[in-house]
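# here you go, sequence then predicted model.
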Amino acid sequence: AQRVTQPEKLLSVFKGAPVELKCNYSYSGSPELFWYVQYSRQRLQLLLRHISRESIKGFTADLNKGETSFHLKKPFAQEEDSAMYYCALSTILTGGGNKLTFGTGTQLKVEL
Amino acid sequence: GAGVSQSPSNKVTEKGKDVELRCDPISGHTALYWYRQSLGQGLEFLIYFQGNSAPDKSGLPSDRFSAERTGGSVSTLTIQRTQQEDSAVYLCASSLNPFAGGTDTQYFGPGTRLTVL
């Protein structure tokens, strides 16, 4: 069965400091991984997906199959990055849908 | 355009009562998902609808939970004889092309917070 682990419930950094939100997964197949973000009083939204290999709002994430990790990184944290971040693994459902298995989330707090 | 909407935003009910939660997906999205987030836990998948096909119910925790999707659009999640452990935030998501795998995006609604007293 698939599993996503985010070891940190809370990560507090100072503005301008580097950020790394950890995510490890367990899955026997070829993983498709995502980072979702939920800002205060907003709905859950997609931040980035590993298949796109892009940088969104300065964040990047590299899939490391050897370490089964998909850590989210940003070189210089901004105050507006404060939010709850969820790592998610997608697996195929009957009928072609994509079931997302989420980690428990990491609350990022960027302090001035 | 309008995103996924859910109603009610909050629901307080007594143990043993039935509740219905509603989801309006983004227009044109063929796929609809229900997830729930219990206190201290990550989101867990409940059920998936694709067009007029039979739903994938593999995530429903018990037979007290059921869902339907009428006309390929609006969906209702029903919980019968609610228990205190059903208290959670119930999230609905829709997507345009579930067959696109990792390139498909699920768009989430604001959720319904259910409290069972």
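Yes, it's here.

# who in chain A is up against chain B?
Contacts of chain A with chain B, taken as CB under 8 Å from any CB of the partner chain, map to A:4, A:32, A:43-46, A:49-52, A:86, A:90, A:92-105. (Glycine included, C-beta is placed from N, CA and C.)

# of these, keep whichever come out buried.
Among the residues of chain A next to chain B, the ones that count as buried by 16 or more other CB atoms under 10 Å in any protein chain shown are A:4, A:32, A:43-44, A:49-50, A:86, A:90, A:93, A:95-105.

# what's the first helix or strand after the lengthiest strand in chain A?
Longest strand in chain A by number of residues (criterion: DSSP state E): strand A:83-92. Using DSSP states H and E, the helix or strand that follows strand A:83-92 in sequence is strand A:98-102.

# what packs against that following strand?
Applying 3 or more CB pairs under 8 Å, 6 or more residues apart in numbering or on different chains; DSSP states H and E, we find strand A:98-102 packed against strand A:3-5, strand A:32-38, strand A:83-92, strand B:31-37, strand B:43-50.

# can you say which of these is packed in most?
Mean neighbours per residue, mean count of other CB atoms under 10 Å in any protein chain shown, is largest over the helices and strands packed on strand A:98-102 for strand B:31-37, with a mean of 25.

# quick one: that one to strand A:83-92, angle?
For strand B:31-37 against strand A:83-92, the angle by axes from the mean of the first three to the mean of the last three CA atoms, to 10 degrees is 130 degrees.

# list the helices and strands strand B:31-37 packs on?
Strand B:31-37 is packed against strand A:98-102, strand B:43-50, strand B:75-79, strand B:88-95, with contacts defined by 3+ CB pairs under 8 Å, 6+ apart.
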